[in-house]
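J.: next come a sequence and a model predicted from it.
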Amino acid sequence: MGDKINHIDITEKAIVEGCINDDRHYQELLYKKYGAKMYNVCRSYATDRSQAMDFLQEGFIEVFKKIGSFRFEGSLEGWVRKVIVFRTIDALRKEQRYQEVINLQVDAGIILPEEYEIEEAKSKKEKLRELVNKLPGKAGLVLKLYVLEGLTHQEIADYLEISVGTSKSQLNRARTLLKENISFE
């Protein structure tokens, strides 16, 4: 085989084991495999591309630190995403910038009222992002975690150190505020 390893033959288990052993080659393989997807995840939380890259870098540092805790009980991609999202939220929490981090995409599951029509999809997406950015901090963050990350209210509550009821009420509040803001546009 020599120094080069055939990337097709490398299993996720081999990549994880290589990363546990701090092998830069395997760390690079993991990054190449998921970096672009995780950048898009980070981009949805960031205010600009530079911040998204910072989140991505910090997220992968965290992934490499915690890779030994991956138990192959779910997908590696899902585990990497979760680590990166939580690391990103930790960074945002430290900056106390909840209101600026929400960049919800139209196809993320929010249904707009029929009377709210904008000719171009791009305009809809940008308008929705603006509206979501204006949501009060935790309401917007809960909406993002629930809709984009697919977390349950229990997972959100555990992570944000709030009650399940608070998670549900913040999601409801976010949806209500979005509908109100959309109807006034």
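T.: Thanks, I have it.
J.: show me the helices in this protein, by range?
T.: With DSSP state H, the ranges of helices along the chain come out as 12-20, 24-45, 49-66, 76-95, 121-133, 137-147, 153-160, 164-184.
J.: what residues does the shortest one touch?
T.: Defining contact as CB atoms under 8 Å, 6 or more residues apart in numbering, one finds that helix 153-160 is touched by 86, 89, 138, 141-142, 145-146, 151, 162-164, 166-168, 171. Every C-beta, even on glycine, is put in place using the N, C-alpha and C of the backbone.
J.: what does the pLDDT read for residue 111?
T.: What the model reports for residue 111 is a pLDDT of 41.
J.: shaky segments in this structure?
T.: 1-9, 95-126, 129, 133, 183-185 (pLDDT under 70).
J.: repeat that for 80
T.: By pLDDT under 80, the weakly predicted segments of the chain are 1-9, 47, 93-137, 148-149, 181-185.
J.: neighbours of residue 171, just the number please.
T.: Neighbour count of residue 171, defined by other CB atoms under 10 Å: 19.
J.: right, and it touches residue 146 too?
T.: Yes: counting by CB atoms under 8 Å, residue 146 is a contact partner of residue 171 at 5.4 Å.
J.: related to what we said a few turns ago, for the contacts of helix 153-160, work out which two are farthest apart.
T.: The span of the contacts of helix 153-160, defined through CB to CB, is set by 86 and 168 at 20.3 Å.
J.: gap between residue 130 and residue 157?
T.: Using CB to CB, to the nearest Å, residue 130 is found at 28 Å from residue 157.
J.: what sits against residue 14?
T.: Applying CB under 8 Å, 6+ apart to residue 14 gives the contacts residue 26.
J.: and if you look at the one 3 residues further on?
T.: Contacts for residue 17 were tallied using CB under 8 Å, 6+ apart; they are residue 26.
J.: please verify my assumption that residue 162 contacts residue 138.
T.: Yes: using CB under 8 Å, residue 162 is in contact with residue 138, at 7.5 Å.
J.: more neighbours, these two?
T.: residue 138 (20 against 16).
J.: residues contacting that one?
T.: By CB under 8 Å, 6+ apart, the neighbours of residue 138 are 98, 160, 162, 166, 170.
J.: and those residues, which two are the farthest apart?
T.: With CB to CB as the measure, no two of the contacts of residue 138 lie farther apart than 98 and 166, at 14.2 Å.
J.: who has more neighbours out of these two?
T.: residue 98 (19 against 16).
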